[in-house]
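J.: sequence and predicted structure are below.
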Amino acid sequence: MKRREEIENLTKLSDAELTDEAARLKESLFRLNFKLALGEVDAVKTVRREKKALARVQTLMRQRAGQEQAAAGK
């Protein structure tokens, strides 16, 4: 999936769905790092992709929180 498509799909998700996606990505990263440490998988590309996806999700969550705070402060 292209980055732009991924970002568009993430922006369509609700806050709860974003939280679930972040949890899923964290679990996936944990498992991949564990497998890499054991030498079972050579999936450096997958780890990088998962980290970037997690960063995108967290960025969207922070942006939404900032928008909510700005709206509440007005």
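T.: Looks like it came in fine.
J.: tell me how far Val57 lies from Ala65.
T.: 13 Å (CB to CB, to the nearest Å). For the C-beta atoms, the positions are set from N, CA and C on the backbone; glycine is no exception.
J.: so those two - more neighbours on which side?
T.: For Val57 versus Ala65, the count of surrounding residues by other CB atoms under 10 Å is larger for Val57: 23 against 11.
J.: what helix or strand does that one sit in?
T.: For Val57, the element it lies in under DSSP states H and E is helix 44-73.
J.: name the helices or strands packed onto that helix?
T.: Here helix 44-73 touches helix 3-11, helix 15-38, going by 3 or more CB pairs under 8 Å, 6 or more residues apart in numbering; DSSP states H and E.
J.: could you tell me the least trusted of these?
T.: Sorting those by mean pLDDT places helix 3-11 lowest, at a mean of 84.
J.: angle of that one against helix 15-38?
T.: 130 degrees (axes from the mean of the first three to the mean of the last three CA atoms, to 10 degrees).
J.: which elements pack onto helix 3-11?
T.: By 3+ CB pairs under 8 Å, 6+ apart, helix 3-11 packs against helix 44-73.
J.: what residues of the helix it packs on count as buried?
T.: Within helix 44-73, the residues that count as buried by 16 or more other CB atoms under 10 Å are 47, 49-50, 53-54, 56-57, 60-61.
J.: Gly73: which of these is nearest?
T.: Taking CB to CB as the measure, Gly73 lies nearest Met61 of the buried residues of helix 44-73, at 18.8 Å.
J.: what's the neighbour count on the nearest residue to that closest one once chain neighbours are set aside?
T.: In space, and not counting its chain neighbours, Met61 is closest to Leu18: 5.4 Å by CB to CB, 6 or more residues apart in numbering. Leu18 has 18 neighbours, counted by other CB under 10 Å.
J.: wait, Leu18 sits on Thr59?
T.: No - using CB atoms under 8 Å, Leu18 is not in contact with Thr59, being 10.3 Å away.
J.: rewinding a little: and the residue nearest to Met61, what does it touch?
T.: Residues near Leu18 by CB atoms under 8 Å, 6 or more residues apart in numbering: 10, 57, 60-61, 64.
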